[in-house]
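> only geometry, no sequence info:
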């Protein structure tokens with residue numbers, strides 16, 4: 001089948017690669033001509049394991065192509081996937097202006113039947129606005145279906161997630177659109193959920209918000225563990241072995257970040273409020289997550305006594321390992337907080353240096369020394385913060401960093417190195433969710 005994709009960002013590119021791997025002929029469009037030019041050369045505008053090799057392979061096989069011409073894209077296929085950004089507005093609602101622009105272009109240029117598929121995360125009921133826009137701007141009786149097929153990609157394992165999904169959700173209001181999408185995924189072996197469009201749209205927001213809730217719950221329990229002398233690792237292990245709960249997304253520490261969980265929890269709460277419901281649960285999930293940076297900052301403040309003029313090393317800038325995405329990264333928020341208090345920051349990340357440098361350059365008075373490796377970042381440091389659980393940080397040699405640091409203090413916001421006997425090596429070590437033991441006095 002032929003597939004058109006509008007938007008050559010993270011979701012659009014991964015979706016294009018995935019459909020090409022399935023044997024479909026794919027055309028991806030973006031208005032950014034420089035981005036399209038680079039993609040044609042096999043250069044991906046973000047880091048994702050295997051993405052560049054996959055693009056080169058699929059372009060060589062002529063199953064994947066790129067264009068900046070919207071009319072060419074619309075003429076190419078019946079199935080047109082919307083993969084544009086829907087960022088948060090100040091009130092938590094989603095900015096759907098890019099989606100509306102696509103609908104207007106479809107109305108203007110489409111000359112035959114089209115099935116416009118929402119792959120971007122949008123609020124329930126968005127398809128009605130798309131349909132209205134198509135009617136308002138079409139100069140003829142355009143035959144067009146709208147469908148929802150939300151993505152469930154995890155940064156760092158997106159290609160694997162696309163090709164071997166837990167489930168595929170297809171929301172349609174016509175048999176024709178449903179059959180087209182089922183045929184598209186015919187060779188993918190996984191549960192396929194077919195529903196009305198509102199239900200499909202809501203599944204994505206409900207899923208991400210629930211996972212965010214698990215993370216915030218684990219962090220709330222971690223704070224309690226610190227107060228009562230318990231170990232969050234064992235608590236969450238005991239919880240996660242219950243099949244009703246599951247082990248995933250119970251990692252306590254720095255909280256969640258990225259482009260999905262923060263945005264989608266806010267959007268779902270706003271969606272509920274717009275129809276007269278108050279999602280106080282999600283409001284608390286967000287508050288707990290926002291407090292994680294303050295919790296780590298207070299650990300740093302306690303360990304150093306005075307933060308001003310102290311050199312603090314931050315290892316990890318991406319919001320999670322396996323990506324260069326620093327959007328709403330707790331690490332960058334912490335850096336801003338520390339700089340505001342007069343700290344001197346040295347930072348290192350194996351993949352996110354460029355994106356972090358760009359993000360921080362847009363912040364007033366946030367100057368960071370970006371080191372070339374882990375050990376350079378720690379020279380004359382008063383305190384080390386482990387902020388992202390990159391695998392290479394497990395290989396840190398305690399004796400080596402002891403000789404480099406001015407004061408050997410570690411705040412481990414991810415509990416990565418908790419199994420090392422730091423105290424006997426001369427360090428002060430502060431994990432998350434592991435309370436001090438002591439007898440009653």
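Sure thing, it's come through. Quantities reported herein were computed from a predicted structural model and do not represent experimental measurements. Numbers count the residues shown, from 1 in each chain.
> Contact partners for residue 249?
211, 214-215, 218 (C-beta atoms under 8 Å, 6 or more residues apart in numbering). No exception for glycine: its C-beta is placed from N, CA and C like everyone else's.
> Kindly provide the distance from residue 274 to residue 125.
Plainly put, residue 274 is 10 Å away from residue 125 if you go by C-beta to C-beta, to the nearest Å.
> er, residue 136 actually
Taken as C-beta to C-beta, the span from residue 136 to residue 125 is 17 Å.
> Of those two, which one has the most company?
Using other C-beta atoms under 10 Å as the criterion, residue 136 and residue 125 rank with residue 125 on top: 14 against 10.
> And that one, what's its pLDDT?
Predicted confidence (pLDDT) at residue 125: the value is 95.
> now residue 438
53.
> next one: residue 141
Residue-level pLDDT assigned to residue 141 equals 83.
> Over to it. Which of the three states is it?
Under DSSP: H, G, I helix; E, B strand; the rest coil, residue 141 falls in the coil class.
> go on, the one 4 residues further on?
Recorded secondary structure, residue 145: strand (three-state DSSP).
> Leaving out chain neighbours, which residue sits closest to the residue nearest the centre of the chain?
Among the residues of the chain, residue 258 comes closest to the average C-alpha position under C-alpha atoms, centre = their mean, at 3.7 Å. Nearest residue to residue 258 in three dimensions, chain neighbours excluded: residue 319, at 4.4 Å (C-beta to C-beta, 6 or more residues apart in numbering).
> Run a quick check on that neighbour versus residue 334, I expect a contact.
No: with contacts counted by C-beta atoms under 8 Å, residue 319 stays clear of residue 334, the gap being 11.8 Å.
> Which of the contacts of residue 249 sits closest to residue 21?
Closest approach between the contacts of residue 249 and residue 21, by C-beta to C-beta: residue 211, at 26.1 Å.
> What's the separation between the residue nearest to that closest one when sequence neighbours are not counted and residue 212?
Of all residues not flanking residue 211 in the chain, residue 249 sits nearest, at 4.9 Å (C-beta to C-beta, 6+ apart). Residue 249 sits 8 Å away from residue 212, going by C-beta to C-beta.
> distance between the ends of stretch 296-315?
14 Å (C-alpha to C-alpha, to the nearest Å).
> what do you get for stretch 348-359?
15 Å.
> which SS state does residue 55 fall under?
Applying three-state DSSP: residue 55 is helix.
> now do the one 10 residues further on
Per three-state DSSP, the secondary structure class of residue 65 is strand.
> So in terms of bridging, what pairs with it?
Using DSSP bridges, the bridge partners assigned to residue 65 are residue 27.
> the strands in the stretch 1-150 of the chain, which residues?
With strands called from DSSP state E, counting those that start in this stretch, the stretch 1-150 of the chain shows them at 2-6, 25-29, 64-67, 79-82, 114-118, 144-148.
> Dump these to a markdown table, plus mean pLDDT, distance to residue 279 and mean neighbour count.
Output for the strands of the stretch 1-150 of the chain, formatted as a markdown table (pLDDT from 0 to 100; distance: least, C-beta to C-beta, whole Å; neighbours: other C-beta atoms under 10 Å):
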| stretch | mean pLDDT | distance to residue 279 | mean neighbour count |
| --- | --- | --- | --- |
| strand 2-6 | 98 | 31 | 23 |
| strand 25-29 | 98 | 35 | 24 |
| strand 64-67 | 98 | 40 | 22 |
| strand 79-82 | 98 | 26 | 26 |
| strand 114-118 | 98 | 22 | 25 |
| strand 144-148 | 97 | 21 | 25 |
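> Format those strands as a markdown table; extra columns: distance to residue 40.
Listed next are the strands of the stretch 1-150 of the chain as a markdown table, based on distance: least, C-beta to C-beta, whole Å:
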| stretch | distance to residue 40 |
| --- | --- |
| strand 2-6 | 15 |
| strand 25-29 | 10 |
| strand 64-67 | 5 |
| strand 79-82 | 19 |
| strand 114-118 | 24 |
| strand 144-148 | 29 |
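> among the ones you listed, which is nearest residue 392?
Using C-beta to C-beta, the strands of the stretch 1-150 of the chain put strand 64-67 closest to residue 392, at 31.6 Å.
> Tell me which residues touch residue 260, please.
Residues near residue 260 by C-beta under 8 Å, 6+ apart: 121, 208.
> Repeat the analysis, applying 6 Å as the threshold.
residue 208 (C-beta atoms under 6 Å, 6 or more residues apart in numbering).
> on that earlier part again, surely the residue nearest to the centre of the chain and residue 321 touch.
No: Residue 258 lies out of contact with residue 321 (C-beta atoms under 6 Å); the separation is 11.8 Å.
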